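**Student:** pasting a predicted model and its sequence here:
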Amino acid sequence: MELRHRPRIGVMGPGACSARVRQLAWQVGACIAREGGILICGGLGGVMEAAASGAKDAGGVTVGILPRADAEDANPYVDLPIVTDMGNARNVINVLTSQAIIAIQGGSGTLSEIALALKCGTPVVGLESWTLTPPEGGIPPEIEIVRTPEEAVAAAL
């Protein structure tokens, strides 16, 4: 399949995480690559680095949307660093570049990406991540909650 027509799956999560969460992210990245997808991430450490490492180990293609002005800031598994010098505002680019996002755990940065994806109509899959309850008993946002890395990638695809 031509590179430009491969599915672009964003993996969002914290820049610092436990070994167990790193393993989940690695498995997600590897599964994305095995399915022919392109991994989109924030390009730095933690979940981003682990997912990119998994994708590279499985022969995949990785893109890192960097918050700073230096391509050298990208983790070593990023094939294509996109330099933005936009800080957290680069989260919009992460979401708009992705055809679906997989949120793995995460803090407020991941939550912002989830919110942006929901606002933009980008499908969101949660793996041990945020669940949201609207005020006043409104309709909950559509976040597909899954239990395994394989389920996450299947749902994103």
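**Tutor:** Everything's here; your move. Residues are numbered from 1 along each chain as shown.
**Student:** output the contacting helices and strands for the longest helix along the chain.
**Tutor:** With secondary structure taken from DSSP state H, the chain has its longest helix at helix 19-34. Judged by 3 or more C-beta pairs under 8 Å, 6 or more residues apart in numbering; DSSP states H and E, the packing partners of helix 19-34 are strand 8-12, strand 38-41, helix 47-57, strand 100-104, helix 149-156. Every C-beta, even on glycine, is put in place using the N, C-alpha and C of the backbone.
**Student:** so what touches it?
**Tutor:** 9, 11, 13-14, 17, 38-39, 46-48, 50-62, 102, 104-105, 127-128, 149-150, 152-153, 156 (C-beta atoms under 8 Å, 6 or more residues apart in numbering).
**Student:** with only the CA atoms kept, save stretch 61-80 in CSV.
**Tutor:** Extracted in CSV, the C-alpha atoms of stretch 61-80 (Å, rounded to 0.1, in the frame of the first residue of the first chain):
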residue,chain,number,x,y,z
VAL,A,61,7.0,4.0,10.0
THR,A,62,6.9,6.6,12.8
VAL,A,63,6.2,10.4,12.9
GLY,A,64,6.9,12.6,15.9
ILE,A,65,5.2,15.9,16.2
LEU,A,66,7.7,17.8,18.4
PRO,A,67,6.8,20.6,20.9
ARG,A,68,10.2,22.2,20.5
ALA,A,69,12.3,23.8,17.8
ASP,A,70,15.0,21.0,17.4
ALA,A,71,14.5,17.8,15.4
GLU,A,72,17.3,16.3,17.6
ASP,A,73,14.9,16.3,20.5
ALA,A,74,13.0,13.4,18.9
ASN,A,75,13.4,10.0,20.5
PRO,A,76,15.6,7.6,18.4
TYR,A,77,12.7,5.7,17.0
VAL,A,78,11.1,8.6,15.2
ASP,A,79,11.6,8.4,11.4
LEU,A,80,10.1,11.8,10.6
